[in-house]
Structure formats: structure tokens, C-alpha cells
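coords please:
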Amino acid sequence: SAAERSVATTPPPAPAGGVQPKKESKAARILIVEDHWANRKLLEAMLLQKGHELHCVENGVEAVNITAVVEFDLVLMDCNMPIMDGWQATEKIRQRAGLNQTTPIIAVTANAMKGDRDKCIAAGMDDYISKPVERKRLYEIIAKWTTTV
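Residues are numbered from 1 along each chain as shown. Got it, this is the predicted structure:
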């Protein structure tokens, strides 16, 4: 009947609060902070395969600046960079009230020693992944810290 057809094409009502239900998979807005172009391109390629929205900067100063004006779901932060390293940049982002103060920041480091993990956590980073970055581990980290699939 016509009534059944119209019901079938009507979208379900939004839940209380007017928030639309989340889609099954949502692309995350991810900031890549990496000074080495090859490492940056590798991360970009792996993340683009999953459909994430990416922004890339090359040092900690640029990271501090962009996180003041663009909201991210996750930040992948190289630790050893010129101008301002990832630890300093993370401390500045965490100290500043506003955008990205509580956004998950994941250290991307070639130094996967025990002391380095402690240094990352002390700086305000939430987790870390070691270089060379493995695709499976990267996807696990993103799933752990975001609402994406």
C-alpha cells in the first residue's frame, strides 16, 4: 500500500538530543607531525587506504599552531624533530586550554625503549607506536583511540 511505501522511505527519527546515530565506520581527522618526508608519505598512504582525513605538518611548532585552530580526532607525533620536538609540542598542546587539549596524541618513535615510553607519557602523550610503523599496529592504535573502525 502507499502508506507502507511512505513508511519505508522515511528516515528513522533521531535519538533524544537530536544527535544522528553514528555510521558504522567514520573517517577520523588525523594530524601527522613528521619531519621526514618518506615516513610522512608512508603514514599518509596507510591512513588514506582507510579513508581518513589527513593534515600533515613537519615540526612541533607547526603542530602547536594548527592544533590551536583545527580540531583533530587523533595526532600522530614524531618525537625527534628539528625546531621543536614532539615531546615539547605535546606539552604545549596539553597546557593550552581549548581545541585538542584532550585529543589523543600518539608518539611515533624510532626509540622503542622502556624509558622512551615513560618520557612520552610524562609529556602528555597517550600511547606510542614504534618505527618502522607496521600497518596492523597503526590501525589497532587508531581503533583504540578513536571511534573509527
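
ramachandran angles for the residue positioned nearest the centre of the chain?
Residue closest to the mean C-alpha point of the chain, counted by Cα atoms, centre = their mean, is Leu74 at 1.8 Å. In this entry, Leu74 is assigned phi and psi values of phi -160, psi 150 (degrees, to the nearest 10).

show me the beta-bridge partners of it.
Partner residues in beta bridges with Leu74: Ile30, with DSSP bridges as the criterion.

that one reaches Ala27, doesn't it?
No: the pair Leu74 and Ala27 does not pass the contact test of Cβ atoms under 8 Å, sitting 11.2 Å apart. For the C-beta atoms, the positions are set from N, CA and C on the backbone; glycine is no exception.

secondary structure class for Cys56?
When states are read from DSSP: H, G, I helix; E, B strand; the rest coil, the local structure at Cys56 comes out as strand.

show me the contacts for the residue nearest to it when sequence neighbours are not counted.
Of all residues not flanking Cys56 in the chain, Ile32 sits nearest, at 4.6 Å (Cβ to Cβ, 6 or more residues apart in numbering). Ile32 makes contacts with 40, 43-44, 47, 54-57, 76, as judged by Cβ atoms under 8 Å, 6 or more residues apart in numbering.

okay then, goodbye and thanks.
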